[in-house]
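Visitor: Got a predicted structure plus its sequence, pasted below:
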Amino acid sequence: MDPRITAALERFSRNEIEAFRRPAAPGPPANPRDPLTFARLCVYLAVHRLNMPLFSYEDAVTEGADDCGLDGVAVAMGSEPLDSPASGRAAAEDAIELAKELDGSGEEVPRPRVLLIQSKRNPKCSNNEVKLFGVDALDFLSGSRDQLRKQRPNPAILRWWEIYEGIRQVYRKNKIPFLVDTDLVFAYSGTWSEDKERPEGSRENAERRLRETLGHDRARFRMWGADELAEAVPLLAPPVAQSLDGVTVVPLPPDGRARGFLGYAPASAIVALLPRAAGELDDRVFVDNVRAYLGTEKNGNPGAAGLAHTLEVGRGDEVLLKHNGITVVADEATLAGNSIRLEGYQIVNGAQTSHVLHRKRHLLQGVSLPIKVVVTRDEQLKDEIIRGANTQSPVDDFDFLSRVAGVRKLEAAFRALPSEDSTKIWMQRRRGERLYDRFYEANRIVTPRQLMEAFASAILSRPHAVHANAAEFLGLVKTEEIFHPEHHPSVYLAMGWLVVAGRRWAARSNWRWEARFEGGRNALVYPARFQFFHALWIQADPGPSRTGLDAASLDVGQRFAAACEVLCDPVACKPLENAAGSAIKRAFTGRKAKSMQVRAQAFAGKVEKGLRAPVVKAAGSKGRKNPSRRAHPGGRTGQGYR
């Protein structure tokens, strides 16, 4: 067995792995050579690394006689852990009821989550074992009670299936599509990238069949070998520098701002350069990349799909001739023989390539790839390199928001919010980014551009400028009026909730949620979305808007947390949304207005004068007052918020 796994099992036996939720039962220490100990290690790591909500990881352990090919099973309703069929049905009913209050249809229900785990202590893995695990998973997810009982499952598996079936029945009763976020983990102690049977093909076939049966793409089949298990523990701190070995390069001509190398490297060496976590690529080396991995499906990235096909048909020797390769920007790089030592490096072009190579790393024998390494700390030059390298799919100025320091800090702050937090918002920092391994609600995903639009409309009171002049709008970021690194994260969390409130209101009111009417050559500007942000914010937080935004300001967190609390409460926020929506409709549909532009300009004054709502008691809000009446010294013209 790989010595890293032995070390992990020893730590597991001594109960030293972090975040155990229950103390070990008294008795002799576990035997690292016991296959059940290995199975429990795999279950624990899967539950912990994939953030599966459970009262205890031990609840997911189903190993033993008649385990139906499943060593671990867990079912949750969104971020809520479950322990019985009754709790599953109750959680599903509550979630559907809340969703219907929000959008009237119940379609935005948090998805159920299912985690299925199989482990093999043997360092060799066969295609048949991977295939059978996929079949066992499908039996659990799509079979009936009678079909499952014929396999004589142990009580733990049957209990989880009954929880899963109870949730499914609630969805059917309410005529809501039953879409399940499903994770399969097949773990064994070998190194699957070196396995001669190439089980990756069986894994991909099982994942494809799973998605076809479930009717959506929120199903992931992961294979964790010794490398992935060691990463998941983790046993060692991540490296701060890395070497790219086996390269053949020539120096680039220095230009005063940068130096570097141009050449090619083995594809396997590029994969070794990529940090991983729980078997998936870690985003640390793609922070400066404005593109997220888009997949190899038809609606994904054609270059990634082409590279994957070339490797699959055994023509890997052609990759060097046909592929653009990757571009790396590093703070420092040293060439010694056929190895480049990189420090502070980022892959600024080639995220799609890197992910495909990682997924197909069992097919990289004899495959080489073009590389360009640029050594610079000049951020403007980095922008120019990124723009020049992304020729297959051009980037625009809004894509570069993902590189703004304030946006990166926001991403970390948003991720730090626990999933069960009622004010949780997810930020999609890069275009096309998939939030595979995080539980999320689709209507709570926001982009940097959307946060920027809400901020300029609500805090800067410039809803018309947001739509009219993109260059001026982006200039607000360059001057750090928006996304200043010192701004408190709660400011942008509140802006995210303005976006969500707008989506809810539009869904209820059948109001078009676009910024323009497409009416032919003379299509007129329709800034309703941005005006809604402006109008709603005046009621949710009457100002003064531009003061007290940075983390050093007194009570900034409490101020915006109070606004978030109201905006995320569908009952308390509904009167505010209705008031703002009614004012917008009156402003933009009045017959006396000569044109949409006239209405737009006139609306700014109406917002200030007509949207200071009186105290409102919303049904079910326990008498909470409209937050527009909170004490703000001096009103909107005051000297600050205290």
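Guide: In hand now; what should we look at?
Visitor: pLDDT wise, what is residue 394 at?
Guide: On the pLDDT scale, residue 394 is placed at 60.
Visitor: ah, wrong one, I meant residue 132
Guide: 89.
Visitor: can you check residue 312 too?
Guide: 85.
Visitor: Over to residue 466?
Guide: pLDDT at residue 466 comes out at 75.
Visitor: Hmm, it is touching residue 457, no?
Guide: Yes. Counting by C-beta atoms under 8 Å, residue 457 is a contact partner of residue 466 at 5.6 Å. Placement of C-beta: from N, CA and C, glycine included.
Visitor: Need the overlap of contacts for the two.
Guide: Residues touching both residue 466 and residue 457 by C-beta atoms under 8 Å, 6 or more residues apart in numbering: residue 530.
Visitor: before we move on, what SS does residue 222 have?
Guide: The three-state label for residue 222, taken from DSSP: H, G, I helix; E, B strand; the rest coil, comes out as strand.
Visitor: just checking, what packs against the host helix or strand of residue 373?
Guide: Using DSSP states H and E, residue 373 maps to strand 368-375. Contact analysis of strand 368-375 by 3 or more C-beta pairs under 8 Å, 6 or more residues apart in numbering; DSSP states H and E lists strand 259-266, helix 267-273, helix 319-322, strand 326-336 as its packing neighbours.
Visitor: to the chain's geometric centre, what's the distance from it?
Guide: 29 Å (C-alpha atoms, centre = their mean, to the nearest Å).
Visitor: Just checking, which helix or strand succeeds it along the chain?
Guide: Toward the C-terminus from strand 368-375 - assigned by DSSP H and E - lies helix 379-389.
Visitor: What's the mean pLDDT across the very next helix or strand once past that following helix?
Guide: Of the helices and strands lying after helix 379-389 in sequence (DSSP H and E), the nearest is helix 405-416. If you average the pLDDT over helix 405-416, you get 80.
Visitor: With only the CA atoms kept, save helix 405-416 in CSV.
Guide: In CSV, the C-alpha atoms belonging to helix 405-416 read as follows (Å, rounded to 0.1, in the frame of the first residue of the first chain):
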residue,chain,number,x,y,z
ALA,A,405,-8.1,42.7,-5.9
GLY,A,406,-11.4,43.7,-4.2
VAL,A,407,-13.3,41.1,-6.1
ARG,A,408,-10.9,38.3,-5.1
LYS,A,409,-11.3,39.3,-1.4
LEU,A,410,-15.0,39.3,-1.9
GLU,A,411,-14.9,35.8,-3.3
ALA,A,412,-13.1,34.5,-0.2
ALA,A,413,-15.5,36.4,2.1
PHE,A,414,-18.6,35.0,0.3
ARG,A,415,-17.2,31.4,0.4
ALA,A,416,-16.6,31.8,4.2
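Visitor: how many degrees apart are that helix and helix 379-389 in direction?
Guide: Angle between the axes of helix 405-416 and helix 379-389 is 80 degrees (criterion: axes from the mean of the first three to the mean of the last three C-alpha atoms, to 10 degrees).
Visitor: Who are the packing partners of the helix or strand following helix 405-416?
Guide: As assigned by DSSP H and E, the chain's next helix or strand after helix 405-416 is strand 426-427. Judged by 3+ C-beta pairs under 8 Å, 6+ apart, strand 426-427 is in contact with helix 405-416, strand 445-446.
Visitor: what are the pairing partners of strand 426-427, and which direction each?
Guide: strand 445-446 (parallel) (DSSP bridges).
Visitor: ok, and what's touching the partner strand?
Guide: Contacts of strand 445-446 from elsewhere in the structure, counted by C-beta under 8 Å, 6+ apart, are 425, 426, 427, 428, 435, 496, 499, 500.
Visitor: just those residues now: which is nearest residue 531?
Guide: residue 499 (13.8 Å; C-beta to C-beta).
Visitor: so how far is residue 449 from the closest one?
Guide: 10 Å (C-beta to C-beta, to the nearest Å).
Visitor: Show me which of these two is the more surrounded one.
Guide: residue 499 (23 against 17; other C-beta atoms under 10 Å).
Visitor: quick one, the helix or strand containing that one and helix 405-416 angle?
Guide: Here residue 499 sits within helix 489-509, counting by DSSP H and E. Counting by the same axes, to 10 degrees, helix 489-509 lies at 70 degrees to helix 405-416.
Visitor: Let me know the closest of the contacts of strand 445-446 to residue 58.
Guide: Nearest to residue 58 among the contacts of strand 445-446, with distances taken as C-beta to C-beta, is residue 435, at 28.0 Å.
Visitor: Which pLDDT value belongs to that closest one?
Guide: 60.
Visitor: Wait, a helix at residue 347?
Guide: No. Per three-state DSSP, residue 347 lies outside any helix segment and is strand.
Visitor: gap between it and residue 162?
Guide: From residue 347 to residue 162 the distance is 46 Å (C-beta to C-beta).
Visitor: Which of those two has more residues huddled nearby?
Guide: residue 347 (20 against 17).
Visitor: Contact partners for that one?
Guide: 285, 286, 289, 326, 327, 328, 354.
Visitor: Determine the number of other residues adjacent to the fifth one.
Guide: By that I understand residue 327. Residue 327 has 22 neighbours, counted by other C-beta under 10 Å.
Visitor: On the pLDDT front, check it for me.
Guide: 91.
Visitor: Run a quick check on it versus residue 376, I expect a contact.
Guide: No. If you go by C-beta under 8 Å, residue 327 and residue 376 don't touch, sitting 12.0 Å apart.
Visitor: Report the distance from the helix holding residue 499 to the chain centre.
Guide: 18 Å.
Visitor: count of neighbours near residue 136?
Guide: Neighbours around residue 136, by other C-beta under 10 Å: 19.
Visitor: Output the contacts of residue 347 in TSV, with distance to residue 88 appended to each entry.
Guide: Putting the contacts of residue 347 into TSV (distance: C-beta to C-beta, whole Å) gives the following:
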residue	distance to residue 88
285	40
286	37
289	40
326	45
327	48
328	47
354	39
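Visitor: Need the buried ones from those selected in PyMOL.
Guide: Listed next is the PyMOL selection for buried residues among the contacts of residue 347, using 16 or more other C-beta atoms under 10 Å:
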select buried, resi 285+286+289+326+327+328+354
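Visitor: just the buried members of the contacts of strand 445-446?
Guide: Going by neighbour count (16+ other C-beta under 10 Å), the contacts of strand 445-446 have 425, 426, 427, 428, 496, 499, 500 buried.
Visitor: ok, back up a step: single out the most deeply packed of the helices and strands packed on strand 368-375.
Guide: Highest mean neighbour count among these (mean count of other C-beta atoms under 10 Å): helix 267-273, with a mean of 21.
Visitor: Show residues contacting that helix.
Guide: 242-247, 285, 316, 319, 326, 342, 354, 357-358, 361, 364-365, 367-369, 371.
Visitor: Taking the residues you listed, please make a ChimeraX selection of just the buried ones.
Guide: Selecting only the buried members of the contacts of helix 267-273 in ChimeraX, with burial defined as 16+ other C-beta under 10 Å, works like this:
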select :242,243,244,245,246,247,285,316,319,326,342,354,357,358,361,364,367,368,369,371
